[in-house]
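J.: predicted model and sequence below, questions to follow.
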Amino acid sequence: MSERHPTLTAPFAERAAQASHPLTNYLFRLMVLKSSNLCLSADVQTARELLSLADKAGPSIVVLKTHYDLISGWDYNPVTGTGAKLAALARKHGFLIFEDRKFVDIGKTVQMQYTAGTARIIEWAHIVNANIDAGKDMVRALAEAAAKWKERINYEVKTSVTVGTPVSDHFDDGMENGDEPGRLDPREQLGGFSRDGRDADGRKGSIVSITTVTQSFEPADSPRLPKTVTEGDELVFAGIEEAPTDRGLLLLAQMSSKGCLMTKEYTQACVEAARENKGFVMGFVAQEALNTLPDDNFIHITPGCKLPPEGEDENGHIEGDGLGQQYNTPEKLVTIRGTDIVIVGRGIIQAGDPPSEAERYRKKAWKAYLSRIRASE
Ligand code: 6AU
C-alpha cells in the first residue's frame, strides 16, 4: 500500500475537485454532504425488503449495493419495476446504486449482460463491478457499451403507432435488424403485444391489423425519471443536483475472502486497466488503497466490514462467517488500510434495528476518515 500517497490525507472535497470521472466527483461531494462513507450491501431476500431497507437506511448511506439475482420477486419492468423504484429512492435519499454483478467474460458477452437481458442493469445501476481475469479488453467493452447507452438516453424515445389492414399473419420471430440490446421495447407502448403480434409470454395473439411503430429521438432536458413511483418517492435529495447520467465501473482488484486467489500481478493489472480507462473506471473494490502514481485519484470501496456489538472492545478480533468471509472494523479499513468507503451487509441487515445500526456504522466510518486526513496535520 502507498502509505504516503496524497489521496490518503486529502479531504474528500478536494478529491472531488480533482476527480476526472463525473460520477466519482459526484460521489465524493455526496459523501461530504451526508458525512457518510458507508455503502449498504442490501443482500436481503425479497424485492419488498430491499425497497423498504433502501428507504429506511437511505439517509445514512452514499451507496446501496445490490445483487439483483438473489432477490426474489424482482420486477424487471424497466419503467415501473424494482430497478426504477430503487432509482427513485436513490434520488430521494441521495445515494448511488451499485449492482455487484462482477462481470467476467469476453467483451461482447459482458456488453449484453450489462445493457440487455432481463435486468437491463445499466438502466438503474450507476455503478457496476468487474473481475478482469478475462483480460483488459472487457473493460473497454463495458466502457463502450456505457458510452453508447449514455448517448441514447439523452434522447427521449418518441414512439408513434399506426394501425393498418393486415396482409399476412406470418411474421419473423426474433429481433429485427437494427434492434439493439437494451433499446426500449416497443411492446411497452403496445399494451403488452410486440410488433410480431405475440404477447409478453410469446403467445401469438389474433392478428386483426398491422401495427407500424416508428421511433424518433428527441433531446430530453433532464435525466429520465421513472413514470410510476410510489407517492413521496419522486422527491429529490436537497443540497446537490441529481446524479449525472454517466455510468461507472469498479474493478474487483482484491477480495475479502480467505484464500482468495487474486495475485499481486492481477491487482496491478487492475490498476493499469483503471488508468487506461479513466473515463469509465471510478476505482476499485479492494482491501487497501491502490493509488500510487502522483495523479492517481481512484476511489476505494471495501467489503468485509463489521463492528463488534455495541460496548465491546473495538480492537478485538471479529469472527468471519464460517464460509470464507473475513471482517475488519471501519477504523482498520479506512484509517489504516486507506479505503474510502466501507461496504457493510450482514452487520447492518441482521441487527435488531437496521436503520439505527446503519447510523452507527456511518458515524464510525466517518470518524475513521476524519482521523485519517488529520494524521497529516
Ligand atoms: O457484509 P457481508 O459479509 O454481509 O457482505 C459483503 C458483501 C457481499 C459480497 O458479495 C460483497 O460484499 N463482497 C465483494 C464485492 C462487493 O464485490 C468483494 C469481496 O471481496 N468480498 C465481498 O464480501 O454482497
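T.: Now that the structure is in, tell me what you want to look at.
J.: the protein: strands as residue ranges?
T.: Here the chain has its strands, by DSSP state E, at 38-41, 63-66, 96-103, 127-130, 155-164, 210-219, 248-252, 281-285, 299-302, 341-344.
J.: list the helices and strands the fourth one packs on?
T.: Pointing back at strand 127-130 there. On a contact count with 3 or more C-beta pairs under 8 Å, 6 or more residues apart in numbering; DSSP states H and E, strand 127-130 meets strand 96-103, helix 137-153, strand 248-252. Yep, even glycine has a C-beta here, placed from its N, CA and C like the rest.
J.: go with 6 Å
T.: Secondary-structure packing of strand 127-130 (3 or more C-beta pairs under 6 Å, 6 or more residues apart in numbering; DSSP states H and E): strand 96-103, strand 248-252.
J.: kindly report the same for the second one.
T.: The criterion is 3+ C-beta pairs under 6 Å, 6+ apart, and the helices and strands that strand 63-66 contacts are strand 38-41, strand 96-103.
J.: can you list contacts of it?
T.: Residues from elsewhere that reach strand 63-66 (C-beta atoms under 6 Å, 6 or more residues apart in numbering): 39-42, 54, 95-100.
J.: right, and Ala146 touches Arg247 too?
T.: Yes: counting by C-beta atoms under 6 Å, Ala146 does reach Arg247; the two are 4.2 Å apart.
J.: shaky segments in this structure?
T.: Within the chain, the ranges that satisfy pLDDT under 70 run 1-3, 156-233, 376-377.
J.: spell out which parts of it neighbour the ligand.
T.: 41, 43, 67, 100, 129, 252, 255-257, 285, 303-304, 325, 343-347 (C-beta under 6 Å from any ligand atom).
J.: now a ChimeraX select for only the buried ones of these.
T.: A single ChimeraX command selects the buried members of the residues of the chain next to the ligand (16 or more other C-beta atoms under 10 Å):
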select :41,43,67,100,129,252,255,256,285,303,304,325,343,344,345,347
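J.: run through the residues that contact whichever residue of the chain sits closest to the ligand.
T.: Proximity of the chain to the ligand (C-beta to the nearest ligand atom) peaks at Gly345, 2.6 Å away. Going by C-beta under 6 Å, 6+ apart, Gly345 touches 41, 43.
J.: what does Arg372 give?
T.: 334-335.
J.: and it, how far is that from Asp296?
T.: According to C-beta to C-beta, to the nearest Å, Arg372 stands 17 Å off from Asp296.
J.: same question for Ile240.
T.: 25 Å.
J.: what are the ranges of the helices in the protein?
T.: Under the criterion DSSP state H, the chain carries helices at the ranges 12-18, 22-34, 47-57, 82-93, 107-115, 121-124, 137-153, 264-276, 330, 346-349, 354-374.
J.: just those: most buried one?
T.: helix 330 (a mean of 29; mean count of other C-beta atoms under 10 Å).
J.: list the contacts of that helix.
T.: 305, 342, 364-365, 368.
J.: quick one, what contacts the nearest residue to Gln111 once chain neighbours are set aside?
T.: Leaving aside its chain neighbours, Gln111 sits nearest to Ala145 (4.2 Å; criterion: C-beta to C-beta, 6 or more residues apart in numbering). Applying C-beta under 6 Å, 6+ apart, one finds that Ala145 lies in contact with 111, 114-115.
J.: settle it for me: which of Ile240 and Asp296 has more neighbours?
T.: Neighbours were counted for Ile240 and for Asp296 using other C-beta atoms under 10 Å; Asp296 has more, 18 against 14.
J.: now that one: how far from Pro309?
T.: Counting by C-beta to C-beta, the gap from Asp296 to Pro309 is 37 Å.
J.: and for Gln113?
T.: Distance from Gln113 to Pro309, by C-beta to C-beta: 39 Å.
J.: try Arg120
T.: Taken as C-beta to C-beta, the span from Arg120 to Pro309 is 40 Å.
J.: and the most centrally placed residue in the chain, bridged to which residues?
T.: The chain has Phe98 as the residue nearest its centroid, 2.0 Å off, counting by C-alpha atoms, centre = their mean. When assigned by DSSP bridges, Phe98 has beta-bridge partners Lys65, Ile127.
J.: which residues touch it?
T.: The contact partners of Phe98, taken as C-beta under 6 Å, 6+ apart, are 63, 65, 127.
J.: for the residue nearest to His67 when sequence neighbours are not counted, give its distance to Asp296.
T.: Leaving aside its chain neighbours, His67 sits nearest to Asp100 (5.3 Å; criterion: C-beta to C-beta, 6+ apart). Note on Asp100: its distance to Asp296, by C-beta to C-beta, is 24 Å.
J.: Met112 is in contact with Phe103, correct?
T.: No: with contacts counted by C-beta under 6 Å, Phe103 stays clear of Met112, the gap being 10.5 Å.
J.: count the residues that sit near Asn315.
T.: Asn315, neighbours per other C-beta under 10 Å, totals 9.
J.: Tyr78 reaches Ile122, doesn't it?
T.: Actually, residue 78 is Pro. It isn't Tyr. No: the pair Pro78 / Ile122 is not scored as a contact, 10.4 Å apart, by C-beta under 6 Å.
J.: from Ala141, how far out is the closest residue to Gln113 other than its chain neighbours?
T.: Of all residues not flanking Gln113 in the chain, Phe103 sits nearest, at 6.2 Å (C-beta to C-beta, 6+ apart). From Phe103 over to Ala141 the distance is 9 Å, taken as C-beta to C-beta.
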